[in-house]
Structure formats: structure tokens, C-alpha cells
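In: could you look at this predicted model? Sequence included:
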Amino acid sequence: MENEPTMGTEIFAVAGNPVLHSRSPQLMNCAFESLGIDAVYTRMLAGSGEEAVRTAKEIGLGGLNITSPFKGEVIEHLDEVSTQARKLGAVNTIVFEGDSASGHNTDYLGAIGALENASIGIRGKKAVVLGAGGAGRAAAFGLHSEGAKATLLNRDAQKAQEAADAIGCAFGGMGTLAEELLDSDIVVSCLPRGLNLIEAQMPKEGAVLMDANYGESPLAGIAQKANCTFIDGREWLLAQAAPSFELFVSKIAPIEAMREAVYADLPEEGVWKGTGNIALIGFMGVGKSAVARELSVESGKELTDVDLEIEKRAGASIKHIFSEFGEDEFRSMEREEIARVGQARNKVIDCGGGAVLDEGNVEILRKSSVPVWLWARPETALSRLGEESGRPLLDVEDRMGLARKLSSGRRGKYAKTAQMIISSEGRSAAEVAGMILHETGKSI
């Protein structure tokens, strides 16, 4: 059963594997804030394109960006696909309306937009694109559609030919790279991060070099040595994000605010590397405690169970605290405990389901940890809890109705707190912990 779209704060995300490196939340949230839109954009770590779409529907997301490696496989799980996305065999933007999911491709707009924003003419220019993956196909398609004489190169020439035949451009193997670079006005590298096949003497003087990857690029130094113009991959990210944003909210994207955001430092990176903390958030029954124990064992990080610490300090159970002193008193104790754990290092922090209701808690968790939102449908959560859960908030006759209401009402809070979402549906605690450790291992 899919959930109704969340009322109040609308949720959007980028889904991929890996995904924690994505800067999309940085510029999308800046755009929402700039226009006064009550929405939040986060990340989703998924195991497949099908899972990403399914989880987005379960949560009630308004839209989803798709990144590697799911841009192609996600197509078969959509109700509608734009002509451009179908031609490219890749979707990077999904819009959800009711039960329907429509797929679009704005990557090609990003490639040509980055060039146009740098006042680079395209029509009639000779262009070469390196790599026939999703980004390469999009760049070649965009350049060809704008009147450039585009050639798509790939190590596997057959793959380049298949893509070129669909696009209508020329193709070749990497063996022709040096020859192509001699007279190309525009060079677009869509090779994997860290792989560079271009040397300083290869591009012709005055050419434009653009890297699909954002961050440090070897092409920047090559462009300087060869007297060429270099376009940072963040310009491509910005130029593809703007039309995605407009598809999501039907408003003109605030480009300059988004550009400022995409070039700003990613503050969370310092947090992740500085504290080593991982915080688990989410509704009761999603598996936080079991996953936290697995994370602690596998990572060697000490486990802090916020509810358990509250019970130790109060000398009473959570149920007793609720019944004798009320929820407000419990939340006060919770604030104090999260403030304490926010000063810790190298911890796995197991947060209660309602911890995100307090904005102070949210600020502490985001500043001191990588908050991971574990998602499971209310039906799944209740089945895991059992009939006698000992959860005071669910001590009612219609447990399912209340669980759905509470889960739905908190989703915006979870999304605003989380650096990424992981579905625990159909996964063991060990599997979820493994995903988290593999992903955060690149950052903390």
C-alpha cells in the first residue's frame, strides 16, 4: 500500500549508489529557501532503480532525481517517459503526481546550459565527448541538438555506435582521441572520476574543456597549460538542476542563489570527518536499534541508545515517564540527552522516533553526526513491534491508524534532519548496517 503524499513540507531527494557525495541537496534546499517554498531535499541510498521509485512512493515524495547507476534501469518502473529521456535511455528526474510517476532527462540541458552560461557558442562547432555512459550520451545529444558537429568516443566503440545511432551524431573508439582533439572546439569529458585520457599538448589552443565531474579536475590544469577555457562540472550540475527544480515545483529556478550554493563549501563534510558519529532516526519499528547494534559491532564505534540513557538517568522506564510525568517531560529529558551525545565522538546514536520533533535536536544531530533516516511502511513497523510493544504512544485501540498518522506527520521532520534515507523494507539489520558503513566509509 502506498502512502498519501505528505501534507505540509514536501519532500524531494536524489537517489543513487553512492549518493552521500551529492551536492544536489545543497543547491535545491537553497532554491526552496530563496523562494519561500516549504519543501526539503535530501538523499536516498538505494539498491536499485525499482527500489528508489517504490520507496519514494511509499514515503510520498513529490519528486526524485536519479543518479548513477540507476538512470537507465529506472525507466521500466515509470508510467510516462519524455521523448528525450526515452531517446537517451536515461532518466534523471522523476515527478510524482498521485499514483503516477513521469520520467524526464535534464542532463542534456545541463551540458548545453553550462556552455551557454559561459557564453560559448555551440552551433557549427566541432565537439568531442569522451565516454558513452549516461552523461556522455546526454552531452552528445545536447550538442548535436544545438547544431554542433558532435563525435562520441568510447573505449568500447560498439557502445559508442549504439548511442550515436540513437542520437544522430558521429562516433569512434578512444584510439582516435588524439586526432579528434586536434580540431575540436569543445571537449567534454564524461569519464569516471580520476580517469583522464587527455594530455596538455592534445587540445587545440582556445578550445573549451568541460568535465562532467564536479570538484577537482585534471582538466583545469590542462586547460591552463594549453590556453583553453575550463568549465567546472558544477556548472553542468547547476544547469541540469534548474530545469529539474522547475519540473518539481512549477516555478522559475533562482539560478544565482543556486550557483552561490553549489560553489559554497559543503559544511556537513567537516562534520562527518570531524566527529565520526552516525545517528539513526525514523519511526518506531523501522529497525533503528537492531541496525545500531550491528553498526556498533562492525565499525567499533560505541553505541548510545538515547531512550536507554534517559531510562538510566531517570531510574524509570519510558512508559512510566510518559504515564507519570507526560510526554513534555520526556521530551525535555530527550533534549538533554541529545545535547550530551552531540558532544561525543565516534558514536552510533540510536534516536527515539520523536527526537526530530524538537528543532534543537535536529540542529545538534546535523552538526554532530551523519543522520540516517531508516524508512519502513507503518504496516511493516507495527508487525515488527508486535502487539505488546511497550510503546506509550501506541497504547490505543486503533494502533495502525495512529501509526500511519504519526509516521505521516513526522516525515517532513525526518527529511529535514537526514543526510540520507535508507529503506529497511525486506532487509536485515546487518544488510542495512553494511550499506551505511560502505557509504559513510567514504566520508567519515
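Out: Perfect, thanks for sending it.
In: show me the domain layout of this protein.
Out: 10-105+237-264, 120-231, 269-440 (automatic domain parsing).
In: with distance to Gly113 and mean neighbour count added, can I get those domains in a markdown table?
Out: For every residue, glycine as well, the C-beta is placed using N, CA and C. Output for the domains of the chain, formatted as a markdown table (distance: least, C-beta to C-beta, whole Å; neighbours: other C-beta atoms under 10 Å):
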| stretch | distance to Gly113 | mean neighbour count |
| --- | --- | --- |
| domain 10-105+237-264 | 3 | 21 |
| domain 120-231 | 8 | 20 |
| domain 269-440 | 26 | 19 |
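In: who wins for proximity to Ile112 among these?
Out: Ranking these by their distance to Ile112 (criterion: C-beta to C-beta) puts domain 120-231 first, at 4.1 Å.
In: for the record, mean pLDDT for the closest one?
Out: For domain 120-231, mean pLDDT rounds to 94.
In: start to end distance for it?
Out: Taking C-alpha to C-alpha, to the nearest Å, domain 120-231 runs 10 Å from one end to the other.
In: so can I have JSON lines of the domains of the chain showing distance to Ile112?
Out: Shown next, in JSON lines, are the domains of the chain (distance: least, C-beta to C-beta, whole Å):
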{"stretch": "domain 10-105+237-264", "distance to Ile112": "8"}
{"stretch": "domain 120-231", "distance to Ile112": "4"}
{"stretch": "domain 269-440", "distance to Ile112": "30"}
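In: how near is Ile112 to Glu235?
Out: Taking C-beta to C-beta, to the nearest Å as the measure, Ile112 and Glu235 are separated by 11 Å.
In: do the same with Ser34
Out: For Ser34, the distance to Glu235 - C-beta to C-beta - is 19 Å.
In: try Val208
Out: Val208 is 11 Å from Glu235, by C-beta to C-beta.
In: any shared contact partners between these two?
Out: Ala118 (C-beta atoms under 8 Å, 6 or more residues apart in numbering).
In: leaving out the residues flanking it, which one is nearest to Lys416?
Out: Among residues not flanking Lys416 along the chain, Val40 sits closest, at 4.8 Å (C-beta to C-beta, 6 or more residues apart in numbering).
In: any idea whether that neighbour is helix, strand or coil?
Out: strand (DSSP: H, G, I helix; E, B strand; the rest coil).
In: repeat for Ile422
Out: Using three-state DSSP, the three-state assignment for Ile422 comes out as strand.
In: what does Phe12 give?
Out: Phe12 - assigned by three-state DSSP - is strand.
In: contacts only, for Leu247.
Out: 63, 93, 95, 104, 106.
In: ok, now with 6 Å
Out: By C-beta atoms under 6 Å, 6 or more residues apart in numbering, the residues touching Leu247 are 93, 95, 104.
In: out of those, who's nearest Ala170?
Out: Checking these one by one against Ala170 (C-beta to C-beta), the nearest turns out to be His104, at 26.5 Å.
In: so the closest one sits against Asn92, correct?
Out: No: between His104 and Asn92 there is no contact under C-beta atoms under 6 Å: 7.5 Å.
In: what separation do you get for Phe248 and Ser184?
Out: 35 Å.
In: could you do Val53 as well?
Out: Distance from Val53 to Ser184, by C-beta to C-beta: 38 Å.
In: for the stretch 301-444 of the chain, give me the ranges with low pLDDT.
Out: 387-397, 442-444 (pLDDT under 70).
In: now the strands for it?
Out: 302-305, 347-350, 370-375, 420-423 (DSSP state E, counting those that start in this stretch).
In: show me what the last one is packed against.
Out: This points to strand 420-423. Here strand 420-423 touches strand 39-45, strand 370-375, going by 3 or more C-beta pairs under 6 Å, 6 or more residues apart in numbering; DSSP states H and E.
In: for the residue of the chain most remote from its centre, which non-adjacent residue is spatially closest?
Out: The centre of the chain is farthest from one residue, Glu324, which by C-alpha atoms, centre = their mean lies 42.3 Å away. Spatially, and ignoring its direct neighbours in sequence, Glu324 is nearest to Ala316 (7.5 Å; C-beta to C-beta, 6+ apart).
In: what residues does Gln26 make contact with?
Out: Ala261.
In: hang on, Phe230 is in a strand, isn't it?
Out: Yes: looking at Phe230 with three-state DSSP, it is inside a strand.
In: so it sits against Ile222, correct?
Out: No: look at Phe230 against Ile222 with C-beta under 6 Å: they stay out of range, at 8.0 Å.
In: now stretch 74-81 - C-alpha only, PDB.
Out: Extracted C-alpha coordinates of stretch 74-81, given in PDB (Å, rounded to 0.1, in the frame of the first residue of the first chain):
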ATOM      1  CA  VAL A  74      14.500   3.100 -13.700                       C
ATOM      2  CA  ILE A  75      12.700   3.700 -17.000                       C
ATOM      3  CA  GLU A  76      10.800   0.400 -16.800                       C
ATOM      4  CA  HIS A  77       9.300   1.400 -13.400                       C
ATOM      5  CA  LEU A  78       7.800   4.600 -14.600                       C
ATOM      6  CA  ASP A  79       4.300   5.400 -16.100                       C
ATOM      7  CA  GLU A  80       5.400   8.000 -18.500                       C
ATOM      8  CA  VAL A  81       8.800   8.900 -20.000                       C
END
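In: how far does it sit from its chain's centre?
Out: 19 Å (C-alpha atoms, centre = their mean, to the nearest Å).
In: over to stretch 21-32?
Out: Counting by C-alpha atoms, centre = their mean, stretch 21-32 comes out at 9 Å from the chain centroid.
In: tell me the average confidence for that stretch?
Out: Here the average pLDDT along stretch 21-32 is 95.
In: could you report the pLDDT at Pro267?
Out: 63.
In: wait, Asp185 sits on Arg123?
Out: No: Asp185 is beyond contact range of Arg123, at 11.0 Å (criterion: C-beta under 6 Å).
In: can you give me the strands in the stretch 1-150 of the chain?
Out: Going by DSSP E, counting those that start in this stretch, the stretch 1-150 of the chain shows strands at 10-16, 39-45, 63-66, 80-81, 93-97, 100-104, 126-130, 149-154.
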